[in-house]
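1. Fold the following.
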Amino acid sequence: MQKITQKILLVTFAILMAACSSTAEQADETKNWSPSKLYAEGRDELNSGNYEKAIKHFEKLESRYPFGTYAQQAQMEIAYAYYRQGDQPQALAAVERFIKLHPDHVNADYMYYLRGLINFNDRVSIFDVFSRQDPTERDQKAVREAFDAFKLLVERFPDSKYTPDARDRLAYLVNAMAKYDVHVADYYYRRGAYLAAVNRAQSAVKNYPGTPAVEQALYIMVKSYEALNLPELRADAERVLNLNYPNSVYYKGGPKAKEKPWYQIW
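-> Have a look, this model is predicted:
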């Protein structure tokens, strides 16, 4: 009797699963769509801001028609849709997958550019707006990864239509990385870690010559050597500062202090 009951349950379960599968197939309106139809619908959803639905269309296209230009284009669109959706890990994973599968693709330059944009925009969030935090004071992992991506694009695809914009972003990122080093040097100096301040300021001067942050880096070196009672090194740093920035604002109390966030009372 128990065996009969078990068989009935198994048969019932199989029937239910088949019914569910049939219902799912019937509910999938894209079941008989051609690759061009799937791609067009995916693009429409993407342009309308329906990124999740667009991704589903492109994923179906790739799984049902894995060969051909539509599948490759769908892979690129998936990466872009995740980027627009703000899902950085998924967007980067999609970019890396495409580059690995199609390193010589005609649009490989675009994917390198997109990888840079994904990391570049990772540094901006709603919390930065409310806190008014300088983006260069944040962790620089995404900044450096964006820099590496744009640099690779410029080196591998010098004639790409994306290269001019990548060059502009590289200039911005170099300034951001230099300013970050100076932020750290200033942090050390204000806490009395003068040797650490000198080392970090030297890093900015050495690695990012010509950037605006170098002026403050040299000034931090002057003040740190003074605090360490190293007059010769202080004089050398001051000589370089005077030579390059004869009217340095740091001799006049430095640049104006940043306005504090509206909620900050300390």
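2. who are the neighbours in contact with the residue nearest to residue 68 when sequence neighbours are not counted?
-> Once flanking residues are discounted, residue 68 sits nearest to residue 35: 7.0 Å by Cβ to Cβ, 6 or more residues apart in numbering. In short, each C-beta sits where N, CA and C put it, glycine included. Applying Cβ atoms under 8 Å, 6 or more residues apart in numbering to residue 35 gives the contacts 61, 64-65, 68, 70-71.
3. Any idea which of these the model trusts least?
-> The lowest pLDDT within these belongs to residue 68, with 82.
4. Could you pull up phi and psi at that residue?
-> phi 110, psi 170 (degrees, to the nearest 10).
5. cool, residue 191 as well?
-> phi -100, psi 10.
6. burial measure for it, as a count.
-> 10 (other Cβ atoms under 10 Å).
7. re the thing from before, and the gap between the residue nearest to residue 68 and residue 237?
-> Here residue 35 is placed at a distance of 65 Å from residue 237 (Cβ to Cβ, to the nearest Å).
8. what do you get for residue 166?
-> 35 Å.
9. same check, this time on residue 112
-> 39 Å.
10. by contact count, what packs against the strand or helix carrying residue 217?
-> Using DSSP states H and E, the element containing residue 217 is helix 213-227. Helices and strands touching helix 213-227, as assessed by 3 or more Cβ pairs under 8 Å, 6 or more residues apart in numbering; DSSP states H and E, comprise helix 163-190, helix 194-207, helix 231-244.
11. so that helix versus helix 231-244, what angle?
-> Comparing the axes of helix 213-227 and helix 231-244 via axes from the mean of the first three to the mean of the last three Cα atoms, to 10 degrees yields an angle of 160 degrees.
12. chain center to helix 213-227, what's the gap?
-> Put simply, helix 213-227 sits 31 Å off its chain's centre (Cα atoms, centre = their mean, to the nearest Å).
13. Now do the buried residues in it.
-> Going by neighbour count (16 or more other Cβ atoms under 10 Å), the buried part of helix 213-227 is 213-226.
14. Farthest-apart pair in these, please.
-> Farthest pair in the buried residues of helix 213-227 (Cβ to Cβ) is 213 and 226. Separation: 20.3 Å.
15. low-confidence ranges in the stretch 51-200 of the chain?
-> Residue ranges of the stretch 51-200 of the chain with pLDDT under 70: 122-139.
16. Where do the helices of it begin and end?
-> 51-64, 69-85, 88-101, 108-121, 126-131, 141-156, 163-190, 194-207 (DSSP state H, counting those that start in this stretch).
17. Would you work out how far apart the start and end of stretch 207-214 are?
-> 10 Å (Cα to Cα, to the nearest Å).
18. Tell me the buried residues in that stretch?
-> 208, 211, 213-214.
19. what distance separates it from the middle of the whole chain?
-> 23 Å.
20. before we move on, what about stretch 172-186?
-> 17 Å.
21. Give me the secondary structure label for residue 210.
-> coil (DSSP: H, G, I helix; E, B strand; the rest coil).
22. Per-residue pLDDT of it, please?
-> Confidence score, pLDDT, at residue 210: 91.
23. do the same with residue 29
-> 81.
24. Check the one 5 residues further on too.
-> At residue 34, the pLDDT value in this model is 89.
25. Next, the contact list for it, please.
-> So residue 34 contacts nothing (Cβ under 8 Å, 6+ apart).
26. Equivalent analysis for residue 45, please.
-> 51, 53-54, 57.
27. go on, residue 153?
-> 109, 112-113, 116, 160, 162-163, 166.
28. now do residue 114
-> Counted by Cβ under 8 Å, 6+ apart, residue 114 has contacts 79-80, 83, 91, 95.
29. Can I get these in a markdown table including neighbour count and distance to residue 102?
-> Supplementary listing: the contacts of residue 114 in a markdown table, determined by neighbours: other Cβ atoms under 10 Å; distance: Cβ to Cβ, whole Å:
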| residue | neighbour count | distance to residue 102 |
| --- | --- | --- |
| 79 | 27 | 12 |
| 80 | 22 | 15 |
| 83 | 21 | 18 |
| 91 | 25 | 17 |
| 95 | 27 | 11 |
